[in-house]
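> the following block contains a protein sequence and its predicted model.
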Amino acid sequence: MPYAVRPPSTIFEPEKPGGTLADAAIALGVPLLNHVTLPPTAREIRITEDYPMVVNPTYSNSTIMLRLVEFDGKVLGELLYIRRGPYSSRSDEKCIDSANGLMDTVCVRVAQLKSGPTWEQIAANLETLGAWSLSEKCDASGPLIADGGGLQIHRLVGDQFSSYYCSAPKYRLSAPGRTAQQLLVYLHDLAGMATELQRN
């Protein structure tokens, strides 16, 4: 992807700095989306369930991240498993110190879809579900629930960066909360169609 470095004066922090998306970017060796720009016709979205208090053993105690890039009429995607913990001996897992400054380690490995939709279909589904347009706070009339996980989204369209965060969307009754929960459910549905790449 032809990223260009954003001038420092135009960098601003996402709604929820750090977290899964920042850790994953460091481990993958890709820039944070709020630090770069794209060509006017390109866009990229990164979606994750930000580190829930109780991780899902179905995904080897990892959380899930979807990365989707649209450029020159092509759609490319990655589904990733991300975990905090000790360094791994797995050859298919890349580990690096976390971005949170707490001396944690974050490890990332790639999964592949063994069945189900193409990346083009996934892009269309994300559009329909509102991943690109969701902006209204989901918890404006409710408490912050710190241990229920959260939906975290970073979006870059040309040089326009935006972010979204909803804490514990499954407990939200607002329209944006329901949208956030639908996106999390879709993320888990994709993970259910995936298999981890084989260890070497």
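All right, it came through fine. Because the structure is predicted, anything quoted here is derived from the model rather than measured.
> mind listing what's buried in the longest helix anywhere in the chain?
If you go by DSSP state H, the chain has its longest helix at helix 175-192. Neighbour-count burial for helix 175-192, counted by 16 or more other Cβ atoms under 10 Å, picks out 176-177, 179-184, 186-187, 190-191. Every C-beta, even on glycine, is put in place using the N, C-alpha and C of the backbone.
> ditto for stretch 68-86
For stretch 68-86, a neighbour-count test (16+ other Cβ under 10 Å) marks 68-70, 77-84 as buried.
> can you give me the end-to-end span of that stretch?
28 Å (Cα to Cα, to the nearest Å).
> look up how far residue 78 lies from residue 65.
8 Å (Cβ to Cβ, to the nearest Å).
> one step back: tabulate the buried residues of stretch 68-86 in TSV, adding columns for distance to residue 30 and pLDDT.
Shown next, in TSV, are those (distance: Cβ to Cβ, whole Å; pLDDT from 0 to 100):
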residue	distance to residue 30	pLDDT
68	13	96
69	10	96
70	16	96
77	14	93
78	10	91
79	15	91
80	11	90
81	16	87
82	13	85
83	18	80
84	19	76
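> wait, which of those is closest to residue 116?
Nearest to residue 116 out of those is residue 79 (Cβ to Cβ; 10.6 Å).
> which element is the closest residue to that closest one other than its chain neighbours on?
Ranked by Cβ to Cβ, 6 or more residues apart in numbering and with sequence neighbours excluded, the top spatial neighbour of residue 79 is residue 111, at 4.7 Å. Counting by DSSP states H and E, the element that carries residue 111 is strand 105-113.
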